[in-house]
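Participant: Sequence first, predicted model second:
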Amino acid sequence: QVQLIESGGGLVQAGGSLRLSCAVSGRYHMGWFRQAPGKERDFVAAVSRSALNTYYADSVKGRFTIYRDNAKNTVYLQMNSLKPEDTAVYYCAATQSWVQPPTLADYNSWGQGTQVTVSS
């Protein structure tokens, strides 16, 4: 069974930065999703198993960067120029299949989530 443990969430002012981490037990294609209160869970970014391919939601392009350190079995989401609308619980997820664009249905293992709150 895949284990995913997120960390790095918190409270930050608009324009600030945060880095999320996800420790994963194994080598998978990885994604970050987020869910704001009362809204559906949405795709944010994905990185392939080899780290050679990435994919981003339009809403975060140019502000967020997903990358991984396979030696540490950890995936990161660097979030810069944060906006209040980025406030959500962020989840990392794992999949065996690299699909573009990614959807929730493509991922079958999920972390517990970490809260990111951006104040205006």
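Facilitator: Thanks, I have the structure now. Residues are numbered from 1 along each chain as shown.

Participant: Name the surrounding residues that touch stretch 52-61.
Facilitator: Stretch 52-61 is touched from outside by 42-48, 64, 66-67, 79, 86, 98, 100-102, with contacts defined as C-beta atoms under 8 Å, 6 or more residues apart in numbering. In this view, the C-beta of every residue, glycine as well, is placed from N, C-alpha and C.

Participant: Weed out the non-buried ones from the residues you listed.
Facilitator: Phe43, Val44, Ala45, Ala46, Val47, Phe64, Ile66, Met79, Asp86, Trp98, Pro102 (16 or more other C-beta atoms under 10 Å).

Participant: In a strand, the last one, correct?
Facilitator: When you say that, I think you mean Pro102. No: counting by DSSP: H, G, I helix; E, B strand; the rest coil, one finds Pro102 to be coil, located in no strand.

Participant: what's near enough to touch it?
Facilitator: So Pro102 contacts Gly31, Phe43, Ala46, Tyr55, Thr95 (C-beta under 8 Å, 6+ apart).

Participant: Spell out for me which residue occupies the centre of this structure.
Facilitator: For the chain, Trp32 is the residue whose C-alpha lies nearest the centre (C-alpha atoms, centre = their mean; 2.3 Å).

Participant: in the protein, what spans have low per-residue confidence?
Facilitator: Residue ranges of the chain with pLDDT under 70: none are present.

Participant: ok, 90 please
Facilitator: Low-confidence segments of the chain (pLDDT under 90): 1, 99-101.

Participant: Strands of that one, residue ranges please.
Facilitator: Remark: strands assigned in the chain by DSSP state E are 4-7, 10-13, 18-24, 29-35, 41-47, 54-56, 64-69, 74-79, 88-95, 109-110, 114-119.

Participant: Pairing partners for the nearest residue to Arg68 once chain neighbours are set aside in the sheet, please.
Facilitator: Spatial nearest neighbour of Arg68, chain neighbours left out: Val75 (4.5 Å); criterion: C-beta to C-beta, 6 or more residues apart in numbering. Note on Val75: beta-bridge partners by DSSP bridges are Cys22, Arg68.
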